[in-house]
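**Q** What shape does this take:
(one chain, ligands or ions: 1)
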Amino acid sequence: MDFQELRPGIFTATLDPAQVNVTLIVGGERALLVDTGSSQAQGEEIRAAVERATDKPLSYVVASHAHWDHAWGLGAFTDVETIAHESFAEDSGCAENRERAAEVGAAPTVSTPKTLLSLIGVRDLGGLTVEIAHFGVAHTHGDLIVAVPDSRVLVVGDLVEDPPSFDETSSLDGWVRCLDAVYALLRDDTLVVPGHGHAMGPWEVGHVRSGLAAIWGQAEWAYNKGVPVEDLYTYDNLEWPWDQASAEAGIRVAYRELGERAAR
Ligand SMILES: [Zn+2]
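**A** Got it, this is the predicted structure:
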């Protein structure tokens, strides 16, 4: 693997088995990496590629969230400041995360980040500032967005996926609100780097936000009407974004949240 330069000082590389994107941000004095791959060995491979891409020291590593394909290479970076959201341990240990990792034989251990953020962090790379922010429960409990304002780049992890993927730590309601906030930040020339797939502009982020809002809105309407969750995908000629499996996974998350809300 080797990094490709996306914008000056911003590099990305894509790694199997999950086609995950990792992003390297290089300032005048230091570098910051977003995401680490799925194992210690992959983390070490990424680290070697970082050293080929820049002579600046790698000082910070951010885990966009705790899913195995993004964060389980953290063990290769124990000598630098590793940063994640405070829900990292809980999300990393969730059953679906571990099951998906086991399916591809990813190492079942993950090292604990040194710094845990609840809301926001700022790091100076030497003439280049990086802002790290959490916008609430969305794809997981602990998604972090990494912004490089001077470069008009936003690294969003799996907050923007087409189709999106859901698990027991996801919130449909929260995800829509999170992407409302992300969308509001974007300018026409902002480049958004997702956790998988190509870098994109604002309109593609809007497309994902609309799809999630459609699932949430239709599920909320149907839940209040008493439509059983298993009937909803084919109910009343409703149309759903993405493929059936993705939409149904989103519907199940929405009904779980709506049920929890009703029980309060
Ligand atoms: Zn994920």
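**Q** packing partners for the host helix or strand of W221?
**A** For W221, the element it lies in under DSSP states H and E is helix 202-225. Counting contacts by 3 or more CB pairs under 8 Å, 6 or more residues apart in numbering; DSSP states H and E, helix 202-225 is packed against helix 172-185, strand 191-194, helix 244-263. C-beta: built from backbone N, CA, C; applies to glycine.
**Q** swap the cut-off to 10 Å and go again
**A** Helix 202-225 sits against strand 153-157, helix 172-185, strand 191-194, helix 244-263, with contacts defined as 3 or more CB pairs under 10 Å, 6 or more residues apart in numbering; DSSP states H and E.
**Q** of all these, which lies closest to H85?
**A** Nearest of the helices and strands packed on helix 202-225 to H85, taken as CB to CB: strand 153-157 at 10.5 Å.
**Q** Just the CA atoms of that closest one, as PDB, please.
**A** Written as PDB, here are the backbone C-alpha positions of strand 153-157 (Å, rounded to 0.1, in the frame of the first residue of the first chain):
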ATOM      1  CA  VAL A 153     -11.200  18.600   4.000                       C
ATOM      2  CA  LEU A 154     -13.500  16.700   6.300                       C
ATOM      3  CA  VAL A 155     -12.700  13.100   7.200                       C
ATOM      4  CA  VAL A 156     -16.000  11.500   8.300                       C
ATOM      5  CA  GLY A 157     -15.400   7.800   8.800                       C
END
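**Q** now the angle from that strand to helix 202-225?
**A** 40 degrees (axes from the mean of the first three to the mean of the last three CA atoms, to 10 degrees).
**Q** so does stretch 175-188 get close to the ion?
**A** No. Contact of stretch 175-188 with the ion (CB under 5 Å from the ion) is absent, the minimum separation being 11.7 Å.
**Q** go on, stretch 38-47?
**A** No. Stretch 38-47 is not in contact with the ion by CB under 5 Å from the ion; minimum separation 11.4 Å.
**Q** hang on, the earlier thing: in the helix holding W221, what's buried?
**A** Of the residues in helix 202-225, 202, 204-205, 208-209, 211-216, 218-220, 222-223 count as buried by neighbour count, 16 or more other CB atoms under 10 Å.
**Q** which among the residues you listed gets closest to T140?
**A** The shortest gap between T140 and any of the buried residues of helix 202-225 belongs to L212, at 14.3 Å (CB to CB).
**Q** Need the three-state assignment for G43.
**A** Three-state call for G43 (DSSP: H, G, I helix; E, B strand; the rest coil): helix.
**Q** and whichever residue of the stretch 101-250 of the chain sits closest to the ion, what does it touch?
**A** Of all residues in the stretch 101-250 of the chain, the one sitting closest to the ion is D158 (3.5 Å; CB to the ion). D158 sits next to 20, 35, 64-65, 67, 69-70, 138-140, 143, 164-165, 170, 194-196 when contact means CB atoms under 10 Å, 6 or more residues apart in numbering.
**Q** if we can go back for a sec, what angle do the helix holding W221 and helix 244-263 make?
**A** Calculated by the same axes, to 10 degrees, helix 202-225 forms an angle of 50 degrees with helix 244-263.
**Q** How far off centre is helix 202-225?
**A** When C-alpha coordinates are averaged (CA atoms, centre = their mean, to the nearest Å), helix 202-225 and its chain have centres 18 Å apart.
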